[in-house]
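Engineer: Next one to model:
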Amino acid sequence: MLARLLASLLSSLHVVEKLAESRPIRRAAQLTAYAITKAQIAGRDASERVLRSQTLKQVREEAGRVPGDLGQMSSRIRKVRDTFVNEVKEGWKDGSRQIKK
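Structural biologist: Numbers count the residues shown, from 1 in each chain. Purely as a prediction, here's the structure:
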């Protein structure tokens, strides 16, 4: 019964226009637009950081080389791991600095 009443109210053009003009609905739309914009900016920044990443560059370089033996392959993997760990630590520090601001 309640669902049918709500459906009939929301199908009325006049009621929908009145709701759209109300302050709470407009504020909710503003907050939603703000959150979407912030998420897009954060996603763009993250993708730029990944593209500039030393780990990604190192993986690309190492993928093109053929390892001579198992020891050489192990040292390459260790270098990539160390670079990745350092970048994660730097990212963590940057994130905590931004939160403090």
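
Engineer: I'd say Gln58 and Arg78 touch.
Structural biologist: No: at 11.2 Å, Gln58 does not count as touching Arg78 under the criterion of Cβ atoms under 8 Å. The C-beta positions use only the backbone N, C-alpha and C, and glycine is treated the same way.

Engineer: So for those two, which sits in the more crowded spot?
Structural biologist: Per other Cβ atoms under 10 Å, whichever of Gln58 and Arg78 has more neighbours is Gln58, with 17 against 10.

Engineer: Ranking helices and strands of the protein by mean pLDDT, which lands last?
Structural biologist: Least confident helix or strand, the chain: helix 54-64 with a mean of 72, by mean pLDDT, DSSP states H and E.

Engineer: Kindly provide the distance from the residue nearest the centre of the chain to Lys57.
Structural biologist: Taking Cα atoms, centre = their mean, the centroid of the chain lies closest to Gly43, which sits 3.9 Å from it. Distance from Gly43 to Lys57, counting by Cβ to Cβ, to the nearest Å: 21 Å.

Engineer: got it, and Leu19?
Structural biologist: 52 Å.

Engineer: And Arg27, by the same measure?
Structural biologist: 45 Å.

Engineer: Val16: neighbouring residues, count only.
Structural biologist: If we define neighbours as other Cβ under 10 Å, then Val16 has 13 of them.

Engineer: shaky segments in this structure?
Structural biologist: 63-68, 70, 100-101 (pLDDT under 70).

Engineer: let's see 90
Structural biologist: Where the chain drops to pLDDT under 90, the residues are 1-22, 24-26, 28-29, 35-101.

Engineer: Spell out, range by range, the helices that occur in it.
Structural biologist: Secondary structure of the chain (DSSP state H): helices at 2-10, 13-21, 23-52, 54-64, 70-100.
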